[in-house]
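Asker: What follows is a predicted protein model with its sequence.
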Amino acid sequence: MGDLGAGFGYLVKGQRWVGRRGRQYGFGLLPGLITLVLYVAALVALVFWADDAVAWATPFADTWSTPWPGLLRGFLTVLLWALALLLAVVSFTAMTLLIGQPFYEALSERVDASEGGQVPESGLSFWRELWISARDSLRVLVRVALYGLLLFAAGFLPVVGQTVVPAIGFCVSGFFLAEELTAVALQRRGMEFRERLALLKSRRLLTLGFGVPLTLCFLVPLVAVFLMPGAVAGATLMARDLRGETADPDTAPGPDAAPGPDAAPEPDTAPGPDTAPDAASAPTAAAPPAPAPPAAGPAPSRTT
């Protein structure tokens with residue numbers, strides 16, 4: 001369970017990182033605002049067309065007695081909305097990352113630089129990176145759509161469809177949302193889509209601890225726009241952890257960090273062969289030897 005808390009911790013650290021750098025945060029908001037306008041228009045259209053779409057898909061219910069047609073269609077409308085929100089949460093990230101590719105790429109590189117060490121670079125052109133990002137985002141959307149259809153069908157199960165299925169849906173959304181966000185940093189490290197999925201699955205609880213709370217936050221209108229820059233920063237920090245490059249952004253020195261003015265080098269206690277000893281360590285001059293005591297005279301002879 002520790003990985004769940006660690007994943008949420010990276011989400012918080014990412015928000016703190018951009019919070020201390022207002023200029024980066026401002027640039028990171030632009031792609032989210034553009035994407036928000038597009039998605040609001042799509043959801044407003046769904047409000048007007050959801051009932052008609054469900055009625056068109058369930059002509060067999062016209063012959064049922066009341067209130068069963070209304071209950072069925074009302075239930076299916078709610079499920080359609082849930083599926084639309086599920087797709088919107090994941091595809092919002094994909095579309096925002098696609099629109100904001102240069103913004104978030106630069107943001108992720110600055111997070112890596114703040115952690116110290118060499119900043120990884122993909123070595124690919126901008127258009128090549130954009131194509132890979134769009135292709136991988138489409139792969140994610142296809143997988144989410146398949147899971148969404150399965151969950152939509154499972155929603156008809158009594159009790160389970162109203163309790164367990166929504167929880168699984170949030171976990172699926174959180175996992176693929178984390179994949180989309182960590183892809184910004186992992187793609188620069190040369191990791192392909194399947195490799196990234198395998199890496200996230202190896203620390204599934206860490207991934208869910210990061211992605212599920214963010215998915216719940218993204219359901220609140222406008223919150224996704226303001227959390228996106230910090231989510232990219234936090235995903236970069238989590239990607240470093242997954243790759244074994246983790247460091248605490250609050251304590252790790254930057255790439256240009258140097259020793260402070262009061263830091264003195266450790267003295268070298270082993271002088272080299274050409275190093276002359278100083279006065280303190282030079283041996284003192286030997287004192288002249290004490291004069292030998294005078295030789296004793298011959299002992300007086302004993303008279304007999």
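Answerer: Sure thing, it's come through.

Asker: tell me the centre residue of the protein?
Answerer: For the chain, the residue nearest the mean C-alpha position is A235 (1.6 Å; C-alpha atoms, centre = their mean).

Asker: Have a look at this structure and report the helix or strand with the lowest mean pLDDT.
Answerer: Lowest by mean pLDDT, DSSP states H and E among the helices and strands of the chain is helix 68-99, with a mean of 79.

Asker: packing partners for that helix?
Answerer: Packed against helix 68-99, as judged by 3 or more C-beta pairs under 8 Å, 6 or more residues apart in numbering; DSSP states H and E, are the following elements: helix 22-57, helix 126-154, helix 160-188, helix 204-218, helix 223-242. (C-beta placed from N, C-alpha, C; glycine too.)

Asker: Burial-wise, tell me which of the ones you listed comes out on top.
Answerer: Of all these, helix 223-242 carries the top mean neighbour count, a mean of 25, counting by mean count of other C-beta atoms under 10 Å.

Asker: pLDDT on it, on average?
Answerer: The average pLDDT within helix 223-242 is 90.

Asker: Quick one: residues in contact with stretch 30-49.
Answerer: 80-81, 84, 88, 92, 95-97, 99-100, 103-104, 222, 224-226, 228-229 (C-beta atoms under 8 Å, 6 or more residues apart in numbering).

Asker: Next, the contact list for L79, please.
Answerer: Counting by C-beta under 8 Å, 6+ apart, L79 touches F152, G155.

Asker: now it: how far from W49?
Answerer: For L79, the distance to W49 equals 15 Å [C-beta to C-beta, to the nearest Å].

Asker: in the stretch 101-250 of the chain, what spans have low per-residue confidence?
Answerer: In the predicted model of the stretch 101-250 of the chain, residues 117, 221, 246-250 satisfy pLDDT under 70.

Asker: nearest spatial neighbour of M95, skipping sequence neighbours?
Answerer: Leaving aside its sequence neighbours, M95 sits nearest to T35 (C-beta to C-beta, 6 or more residues apart in numbering; 5.0 Å).

Asker: wait, I meant V160
Answerer: Using C-beta to C-beta, 6+ apart and skipping residues adjacent in sequence, the residue nearest V160 is A154, 7.1 Å away.

Asker: List the contacts of the one you found.
Answerer: Taking C-beta under 8 Å, 6+ apart, one finds V160, G161, V165 in contact with A154.

Asker: Could you give the number of residues near the spatially closest residue to R139 that is not a sequence neighbour?
Answerer: Nearest non-adjacent residue to R139, counting by C-beta to C-beta, 6+ apart: F193, 5.9 Å away. Number of residues near F193 (other C-beta atoms under 10 Å) recorded here: 17.

Asker: Pretty sure F193 sits against L138.
Answerer: No. Between F193 and L138 there is no contact under C-beta atoms under 8 Å: 10.3 Å.

Asker: Just want the angle from the host helix or strand of V12 to helix 22-57.
Answerer: Following DSSP states H and E, one finds V12 within helix 2-19. For helix 2-19 against helix 22-57, the angle by axes from the mean of the first three to the mean of the last three C-alpha atoms, to 10 degrees is 120 degrees.

Asker: any residues touching helix 2-19, and which ones?
Answerer: Helix 2-19 is contacted by residues 24-25, 28, 107, 111, 114, 178, 203, 205-211, 213-214, 227, 229-238, 241, 249 when judged by C-beta under 8 Å, 6+ apart.

Asker: Just the angle for that helix relative to helix 223-242, thanks.
Answerer: Angle, helix 2-19 to helix 223-242, by the same axes, to 10 degrees: 120 degrees.

Asker: and helix 2-19, how far out from the chain's middle?
Answerer: 8 Å (C-alpha atoms, centre = their mean, to the nearest Å).

Asker: quick check: angle from that helix to helix 160-188?
Answerer: 60 degrees.

Asker: what comes up buried for helix 2-19?
Answerer: Neighbour counts over helix 2-19 (16 or more other C-beta atoms under 10 Å) mark 3-4, 6-11, 13-15, 17-18 as buried.

Asker: Adding distance to L130 and pLDDT, write these out as JSON lines.
Answerer: Formatted as JSON lines, the buried residues of helix 2-19 follow (distance: C-beta to C-beta, whole Å; pLDDT from 0 to 100):
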{"residue": "D3", "distance to L130": "32", "pLDDT": "86"}
{"residue": "L4", "distance to L130": "34", "pLDDT": "88"}
{"residue": "A6", "distance to L130": "32", "pLDDT": "91"}
{"residue": "G7", "distance to L130": "28", "pLDDT": "91"}
{"residue": "F8", "distance to L130": "31", "pLDDT": "93"}
{"residue": "G9", "distance to L130": "31", "pLDDT": "93"}
{"residue": "Y10", "distance to L130": "26", "pLDDT": "94"}
{"residue": "L11", "distance to L130": "26", "pLDDT": "93"}
{"residue": "K13", "distance to L130": "28", "pLDDT": "94"}
{"residue": "G14", "distance to L130": "23", "pLDDT": "93"}
{"residue": "Q15", "distance to L130": "27", "pLDDT": "93"}
{"residue": "W17", "distance to L130": "25", "pLDDT": "92"}
{"residue": "V18", "distance to L130": "23", "pLDDT": "90"}
